[in-house]
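> show me how the following folds:
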Amino acid sequence: MRYVLGLVAVLAVALGVAGIVYGEADDSPGLQLLAGLLVIGAVAIGVRIVRRSR
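Residues are numbered from 1 along each chain as shown. Purely as a prediction, here's the structure:
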């Protein structure tokens with residue numbers, strides 16, 4: 001189960017980074033904010049998974 005959550009976290013980070021890049025090209029501050037929140041949330045979930053597995 002934690003491998004699936006880890007994979008989801010990695011995919012969310014990749015999607016967030018893509019959203020930030022696309023938001024800069026489109027000059028959309030709202031998209032950049034949402035993508036940044038997605039990245040921060042995914043990193044937090046990833047850290048939580050690693051800390052619980054030890």
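
> could you use CA atoms for every contact and neighbour count after this?
Fine.

> lowest average confidence, helix or strand, in the chain?
Counting by mean pLDDT, DSSP states H and E, the chain has its least confident helix or strand at helix 2-26, which shows a mean of 89.

> buried stuff in it?
For helix 2-26, a neighbour-count test (16 or more other Cα atoms under 10 Å) marks 6, 9-10, 12-14, 16-17, 19-20, 23 as buried.

> who's in contact with the residue nearest to P29 when sequence neighbours are not counted?
The spatially closest residue to P29, leaving aside those adjacent along the chain, is G23, at 6.7 Å (Cα to Cα, 6 or more residues apart in numbering). G23 is in contact with 29-32, counting by Cα atoms under 8 Å, 6 or more residues apart in numbering.

> of these, which belong to helices?
Among these, the members found in helices (DSSP state H) are 29-32.

> who touches the helix or strand encompassing L38?
Counting by DSSP states H and E, the element that carries L38 is helix 29-53. With contacts defined as Cα under 8 Å, 6+ apart, helix 29-53 is touched by 2, 5-6, 9-10, 12-13, 15-17, 19-21, 23-24.
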